[in-house]
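*Asks:* My questions are about this predicted structure, shown below with the sequence.
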Number of protein chains: 2
Amino acid sequence: MSTLAAVEFANSAFYDAFSSANIDQMSDLWAEGAAVFCCHPGWQPIHGRDAVLRSWAEIFANAGPMPISHRVLARDLIGDMGIVCCLESVSGHGFIATNLFTRDGKIWRMVHHHAGPIAGRVPVVAASPGPAPN
Amino acid sequence: MSTLAAVEFANSAFYDAFSSANIDQMSDLWAEGAAVFCCHPGWQPIHGRDAVLRSWAEIFANAGPMPISHRVLARDLIGDMGIVCCLESVSGHGFIATNLFTRDGKIWRMVHHHAGPIAGRVPVVAASPGPAPN
C-alpha cells in the first residue's frame, strides 16, 4: 500500500468510527499525546486527546450511529503529516473537513479534524470508493 | 523568540496580509511547493500554491481591505508542524480557523488554512495581543 493510500485508509477508518458511533475505534485511531485538535462544526476548538475523545463520546451518546458519507477532494503529504480534505454528508448536512494524520510505525493516526458547513446548496456526496492510487 | 511564539508571529502575519488585502505579503508567507491547501468558508478545498494564491487575489480584488480580528484559542507543535486554532471576526462574521505552518529555515510558512463559520451567535473577538509565551 502506498503512503497516501495508507493515509486514506486511516481517513476511511475515521468515518467508519464516526458513522457507527464506535468510541473504541475512534479512540484507537487518534494519536496518543496532548497535541491533537478537533473543531466540530460551530464548536470552539478542542485541544488534547482526552477532551477530544470526550467530545466524540458526547456526540455518539446524543446522536448514535449516523448516515455519513464522504468524498476525498484532495490529499497530500506535508513533511511527516498526511492531510486529507473531504466533502462530508452527515445526516444529510454537507461539510468540508480537513483531517490530519501522523505516522505511528506503520499506522497513520489522526491529530486533527476540522469540519465546517458548506454555504448554500449541499452537494451530493458519493462515498469514496476507497484509497486512490498514489 | 520561542518556537511557538515564532509560529504565532507567522499566524499574525497571515491576518495582517488578509486584513490589508496585501497579495505580496500573502504570497510570501505561504510555503513554496504544491502541497498546500486552503478551505475558504463554504468553498471546496483549494490545493496547490498557485491556485491558493489565485483564490486570495480574487478575494482581495472583490473585497479589498477588511476589518479582521482574531484570537488564538489553541496552538501547539505536532512534529515539524505548527498548528494554530483561531476565532476570527471577518467583516463582523465569526469563523473558527485552523492554520498550519511548516518551518523554512528560521521562518514558519503557511501550508494550510481552513475557516468555517460558527453556528449561532457570533462571539466578540478581541484581537490577539501578540504571541503568547511558550
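*Replies:* Ah, there it is. Numbers count the residues shown, from 1 in each chain, chains lettered A, B, ... in the order given.
*Asks:* can you list the residues of chain A near chain B?
*Replies:* Along chain A, the residues adjacent to chain B under the rule Cβ under 8 Å from any Cβ of the partner chain are A:34-37, A:39, A:41-45, A:47, A:73-74, A:76-81, A:83, A:85, A:87, A:95-96, A:98, A:100, A:102, A:111-112, A:114-120. In this view, the C-beta of every residue, glycine as well, is placed from N, C-alpha and C.
*Asks:* residues near A:Thr3, how many?
*Replies:* Residues contacting A:Thr3 under the criterion other Cβ atoms under 10 Å in any protein chain shown number 12.
*Asks:* That one touches A:Leu77, doesn't it?
*Replies:* Yes. Applying Cβ atoms under 8 Å as the test, A:Thr3 and A:Leu77 come out as touching, 6.5 Å apart.
*Asks:* and the residue in chain A positioned nearest to chain B, how many neighbours?
*Replies:* Among all residues of chain A, A:Gly116 sits closest to chain B, at 1.7 Å; criterion: Cβ to the nearest Cβ. For A:Gly116, the number of neighbouring residues by other Cβ under 10 Å comes to 27.
*Asks:* ditto for A:Glu58
*Replies:* Other residues near A:Glu58 number 11, with proximity taken as other Cβ under 10 Å.
*Asks:* circling back to that earlier point, generate a ChimeraX selection restricted to the buried subset of the residues of chain A next to chain B.
*Replies:* When burial is assessed using 16 or more other Cβ atoms under 10 Å in any protein chain shown, the buried subset of those is captured in ChimeraX by this command:
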select /A:35,36,37,39,41,45,47,73,74,76,78,81,83,85,87,95,96,98,100,102,111,112,114,115,116,117,118
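*Asks:* Just the residues of chain A next to chain B: which are in strands?
*Replies:* Cross-referencing the residues of chain A next to chain B against strands under DSSP state E gives A:37, A:39, A:47, A:73-74, A:76-78, A:81, A:83, A:85, A:87, A:95-96, A:98, A:100, A:102, A:111-112, A:114-117.
*Asks:* Check the secondary structure at the residue nearest to A:Ser20 when sequence neighbours are not counted for me.
*Replies:* Closest residue in space to A:Ser20, ignoring its immediate chain neighbours: A:Pro65 at 5.4 Å, by Cβ to Cβ, 6 or more residues apart in numbering or on different chains. Secondary structure, DSSP: H, G, I helix; E, B strand; the rest coil: A:Pro65 is coil.
*Asks:* So A:Pro65 is in contact with A:Ala21, correct?
*Replies:* Yes. The pair A:Pro65 / A:Ala21 is scored as a contact, 4.7 Å apart, by Cβ under 8 Å.
*Asks:* So the two - more neighbours on which side?
*Replies:* The neighbour comparison of A:Pro65 against A:Ala21 (other Cβ under 10 Å) goes to A:Ala21, with 18 against 11.
*Asks:* and the more buried one, what is it in contact with?
*Replies:* For A:Ala21, the contact set (Cβ atoms under 8 Å, 6 or more residues apart in numbering or on different chains) comprises A:Ile59, A:Phe60, A:Ala63, A:Gly64, A:Pro65, A:Met66.
*Asks:* ok, 7 Å please
*Replies:* Under the criterion of Cβ atoms under 7 Å, 6 or more residues apart in numbering or on different chains, the neighbours of A:Ala21 are A:Phe60, A:Gly64, A:Pro65.
*Asks:* Am I right that the first one sits in a strand?
*Replies:* No. A:Phe60 sits outside any strand when classified using three-state DSSP, being helix.
*Asks:* Residues touching the longest helix seen in chain A, excluding its own?
*Replies:* In chain A, with assignment by DSSP state H, the single longest helix is helix A:3-19. Contacting residues not belonging to helix A:3-19 are listed as A:1, A:25-26, A:29, A:65-68, A:70, A:72, A:75, A:77, A:82, A:84, A:99, A:101, A:108-110, A:128, A:131-132, A:134 [Cβ under 7 Å, 6+ apart].
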